[in-house]
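Participant: Quick check, what structure comes out for this input:
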Amino acid sequence: MIIACPDPHIERWYMADPEGFAVVVGATPPIKKRKCGREAYKSLLRNAIHQAGHLAPLGGIEFAPELVERMDLFQAGKSDKSLKVFTDELRNALNRWISLPEAL
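Facilitator: So this is what the prediction gives:
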């Protein structure tokens with residue numbers, strides 16, 4: 001299990017790769033470069049989903065698996081520092097785990 005704490009909010013991570021988001025949802029999300037309240041990111045996510053003609057009864061989280069699968073983590077990390085920190089730390093942890101001696 002991997003736990004990540006997005007800074008500022010998970011909704012921003014969902015929209016961090018606008019091209020991948022557009023492929024999955026059918027609309028390009030407006031991304032703000034500064035932090036703002038959680039409700040602002042929730043609203044941006046919902047609005048982008050609604051503009052594409054979809055319903056989002058759960059606020060957009062229903063698209064999470066597809067968004068994550070389609071996301072270009074390199075590009076997303078360039079647009080969101082906290083996502084880059086997470087992916088870098090995860091990559092480093094996995095590399096350390098892979099290189100552990102078999103005897104453990």
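
Participant: from here on, contacts and neighbour counts on C-alpha atoms
Facilitator: Noted.

Participant: give me the number of residues near Glu39?
Facilitator: Residues near Glu39, counting by other Cα atoms under 10 Å, number 11.

Participant: isn't Val25 right next to Gln51, touching?
Facilitator: No: with contact defined as Cα atoms under 8 Å, Val25 does not reach Gln51; the gap is 9.3 Å.

Participant: if you count what's nearby, which of those two comes out ahead?
Facilitator: More crowded of Val25 and Gln51, by other Cα under 10 Å: Val25, with 21 against 15.

Participant: Pull up the per-residue confidence for that one.
Facilitator: Note for Val25: predicted pLDDT of 96.

Participant: contacting residues around it?
Facilitator: 49, 52, 54, 63 (Cα atoms under 8 Å, 6 or more residues apart in numbering).

Participant: Pick out the most distant pair among these.
Facilitator: Using Cα to Cα, those reach their maximum pairwise distance at Ala52 and Phe63, which is 12.6 Å.

Participant: how far away is Ala22 from Arg96?
Facilitator: Distance, Ala22 to Arg96, by Cα to Cα, to the nearest Å: 35 Å.

Participant: out of the two, which sits in the more crowded spot?
Facilitator: Neighbours were counted for Ala22 and for Arg96 using other Cα under 10 Å; Ala22 has more, 17 against 10.
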